[in-house]
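Peer 1: Need a 3D model of the sequence below.
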Amino acid sequence: MSWRWQEHPAPEAITRQEKKLNAASYGYKGSLGDAEYDHLISLQLGGDPDNARKLWGEPADPGHKPGWGVNNLEDAVETKLHTTVCSGKVTPKAAQ
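Peer 2: Residues are numbered from 1 along each chain as shown. Take a look at the predicted model:
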């Protein structure tokens, strides 16, 4: 089975407001420019692009320089998991 990732962009004005409210609900007080509005289950692994309950403002990784934009090391892991699912080495459920 092949999993295909499809990007579903939303207007930035909407995502910025959602990100701000979501970050506040988690008590995040850092710069939104350094936080990624990220999915609980990666879109590459079948995550729901339209479910706001599965999104949150994810703070930058430790050691990140403030003001340098988003820096989340798990993105590379998600890509590797996507590759292993597509090759049939891992089930989508296990990768999620």
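Peer 1: CA only for contacts and neighbour counts going forward, please
Peer 2: Noted.
Peer 1: Count the residues that sit near P62.
Peer 2: 9 (other Cα atoms under 10 Å).
Peer 1: Report pLDDT for it.
Peer 2: Listed pLDDT for P62 reads 81.
Peer 1: Make sure it is indeed in a strand.
Peer 2: No: the assignment for P62 by DSSP: H, G, I helix; E, B strand; the rest coil gives coil, which leaves it out of any strand.
Peer 1: ok, now how distant is it from A35?
Peer 2: Separation of P62 from A35 (Cα to Cα, to the nearest Å): 12 Å.
Peer 1: Quickly list what the most centrally placed residue in the chain is bridged to.
Peer 2: The centroid of the chain falls nearest to D38 when counting by Cα atoms, centre = their mean (2.6 Å). In this entry, D38 is beta-bridged to W56, by DSSP bridges.
Peer 1: That one contacts L55, doesn't it?
Peer 2: Yes: counting by Cα atoms under 8 Å, L55 is a contact partner of D38 at 5.4 Å.
Peer 1: which stretches of this structure have low pLDDT?
Peer 2: 1-14 (pLDDT under 70).
Peer 1: Sketch out the strands for it, chain order is fine.
Peer 2: 36-39, 55-58 (DSSP state E).
Peer 1: mind checking how far L73 is from A60?
Peer 2: 9 Å.
Peer 1: Among the two, which residue is more densely surrounded?
Peer 2: A60 (22 against 11).
Peer 1: what's near enough to touch that one?
Peer 2: 34-36, 70-72 (Cα atoms under 8 Å, 6 or more residues apart in numbering).
Peer 1: Tell me who's in contact with the nearest residue to S42 once chain neighbours are set aside.
Peer 2: Excluding its sequence neighbours, the residue lying closest to S42 (Cα to Cα, 6 or more residues apart in numbering) is E78, at 6.7 Å. E78 makes contact with 42, 44-45, according to Cα under 8 Å, 6+ apart.
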